[in-house]
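Trainee: one predicted model, sequence on top.
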Protein chains: 2
Amino acid sequence: MTVMETTSTTRTDSCAGPRQVDRRPDGQDKYTISEVVAFTGLTAHTLRWYERIGLMPHIDRSHTGQRRYSNRDLDWLDLVGKLRLTGMPVADMVRYAELVREGDHTYGDRFELLKATREDVLSRIAELQDTLAVLDRKINFYADAGRALASERS
Amino acid sequence: MTVMETTSTTRTDSCAGPRQVDRRPDGQDKYTISEVVAFTGLTAHTLRWYERIGLMPHIDRSHTGQRRYSNRDLDWLDLVGKLRLTGMPVADMVRYAELVREGDHTYGDRFELLKATREDVLSRIAELQDTLAVLDRKINFYADAGRALASERS
DNA sequence: CGCTTGCTTGGAGCGCACTCCAAGGTTTTA
DNA sequence: TAAAACCTTGGAGTGCGCTCCAAGCAAGCG
């Protein structure tokens, strides 16, 4: 009986108080995969998959081969999470990760990539605000319809 | 040799001037599927698929069975497009379409659905603005790094 | 009339981003 | 020390939103 990874993963920390599984200070920052699951909300499967596809830097291992994530890795996952929310394809994030791995001489490329992403995010925000306007018009329509119905029934 | 639907569909109207394939006034609003493709940017495949899954109202047909879209249908596709940009799953849009088909007594449900969607959109915008802040910090970092490199080399 | 282009259908296929499995080895708890 | 919980791997499977195919009918033009 192994398994259960998925089941135990779902919404572990929704209602209970601030059982802050907090970060440890740099130097003692060694987290197991399940601690990272608790931090990020990703599943362990996804974390391993990110590594396989080259989206993660090399992750430290214990002497028996288990993953030990660092604060740096957590920071990286934070960034990945944010970029994911913008709808950036995983392949593009992998490209960025490659640039980071290749060293300082890719600063220019990374700069360009970030600026392009920024533009993307701006236009997404604009689209959403547009949609918001449409929704508000419809919501007002239905609110009026509701009032009309109410007065009709009285 | 039929086919070509896909190829001819891609980016028909990117650079040329305002060759506005404009809407016709209500009453003479009968559009073929390829006209709707031009309006919406969706493929004909997608339009037919939307119909199959119940995302469209009943679409008029010519006497030989070809689809004839109306201005109303175009409006609906506009809304669908906007909702799609918010990341709303197609299944939820189908649910909304069902409510519309069921008639006036579903006004309340539609109202709730729209309000929930509005909240969703608001939090998405907030997320994106958060991401924007992260990107800006990184962009500034790389800009500084670029300047440092430049001065180092001089 | 023939030719080309467009529209029809049900069902199969695809790409993305996970998600899960099986069969083990490891670590923690009682 | 034994049981329970956790971690490992490569590869297979899933769900979503399209995307495409084949074979045939329809429409417009010279």
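Mentor: That came through, no problem.
Trainee: can you tell me what sits against stretch A:66-74?
Mentor: Stretch A:66-74 is contacted by residues A:23-24, A:26, A:29-33, A:35-36, A:39-40, A:47, A:56-57, A:59-62 when judged by C-beta atoms under 8 Å, 6 or more residues apart in numbering or on different chains. (C-beta placed from N, C-alpha, C; glycine too.)
Trainee: ok, now with 6 Å
Mentor: A:26, A:29, A:30, A:31, A:33, A:36, A:59, A:60, A:62 (C-beta atoms under 6 Å, 6 or more residues apart in numbering or on different chains).
Trainee: among the residues you listed, which ones are buried?
Mentor: A:29, A:31, A:33, A:36, A:59 (16 or more other C-beta atoms under 10 Å in any protein chain shown).
Trainee: now the fourth one. Nearest residue, chain neighbours left out?
Mentor: Translated: residue A:36. residue A:69 (5.0 Å; C-beta to C-beta, 6 or more residues apart in numbering or on different chains).
Trainee: in the sheet, who's paired with that neighbour?
Mentor: residue A:31 (DSSP bridges).
Trainee: wait, residue A:128 touches residue B:126, no?
Mentor: No - counting by C-beta atoms under 6 Å, residue B:126 is not a contact partner of residue A:128; they are 10.2 Å apart.
Trainee: what about the helices in chain A?
Mentor: Secondary structure of chain A (DSSP state H): helices at A:5-9, A:33-40, A:44-52, A:71-85, A:90-102, A:107-153.
Trainee: so can I have JSON lines of the ones you listed showing mean pLDDT and distance to residue B:78?
Mentor: Below are these laid out as JSON lines (pLDDT from 0 to 100; distance: least, C-beta to C-beta, whole Å):
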{"stretch": "helix A:5-9", "mean pLDDT": "42", "distance to residue B:78": "39"}
{"stretch": "helix A:33-40", "mean pLDDT": "96", "distance to residue B:78": "37"}
{"stretch": "helix A:44-52", "mean pLDDT": "97", "distance to residue B:78": "35"}
{"stretch": "helix A:71-85", "mean pLDDT": "96", "distance to residue B:78": "25"}
{"stretch": "helix A:90-102", "mean pLDDT": "96", "distance to residue B:78": "29"}
{"stretch": "helix A:107-153", "mean pLDDT": "91", "distance to residue B:78": "8"}
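Trainee: domains in chain A, as residue ranges please.
Mentor: Listed by automatic domain parsing, the domain ranges of chain A are A:27-102, A:106-154.
Trainee: for DNA strand D, which of these is the nearest?
Mentor: Closest of these to DNA strand D is domain A:27-102, at 3.3 Å (criterion: C-beta to the nearest atom of the strand).
Trainee: is any part of that closest one close to DNA strand C?
Mentor: Yes - with C-beta under 7 Å from any atom of the strand as the criterion, DNA strand C is reached by domain A:27-102 at A:43, A:45-46, A:48-49, A:62-66, A:84, A:89-91.
Trainee: among these, which pair sits farthest apart?
Mentor: Spanning the widest gap among the residues of domain A:27-102 next to DNA strand C are A:63 and A:89, at 36.6 Å by C-beta to C-beta.
Trainee: in chain A, which residue is most central in space?
Mentor: The structure's chain A has its C-alpha centroid closest to residue A:81; by C-alpha atoms, centre = their mean the separation is 2.0 Å.
Trainee: if I look at that residue, how far off is residue B:29?
Mentor: 45 Å (C-beta to C-beta, to the nearest Å).
Trainee: residue A:107 reaches residue B:144, doesn't it?
Mentor: No - if you go by C-beta under 6 Å, residue A:107 and residue B:144 don't touch, sitting 10.2 Å apart.
Trainee: picking up where we left off before, who has more neighbours out of residue A:63 and residue A:89?
Mentor: residue A:89 (10 against 5; other C-beta atoms under 10 Å in any protein chain shown).
Trainee: OK, contacts around that one?
Mentor: Residue A:89 neighbours (C-beta under 6 Å, 6+ apart): none.
Trainee: then the one 4 residues further on?
Mentor: With contacts defined as C-beta under 6 Å, 6+ apart, the neighbours of residue A:93 are A:55, A:80, A:83.
Trainee: near DNA strand D, list only the ones from the residues you listed.
Mentor: Of the contacts of residue A:93, not one also sits near DNA strand D (C-beta under 7 Å from any atom of the strand).
Trainee: filter those down to just the buried residues.
Mentor: Looks like the contacts of residue A:93 have A:55, A:80, A:83 buried, using 16+ other C-beta under 10 Å.
Trainee: how about the contacts of residue A:93 in TSV, adding distance to residue B:98?
Mentor: Conversion of those to TSV gives the following (distance: C-beta to C-beta, whole Å):
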residue	distance to residue B:98
A:55	39
A:80	37
A:83	35
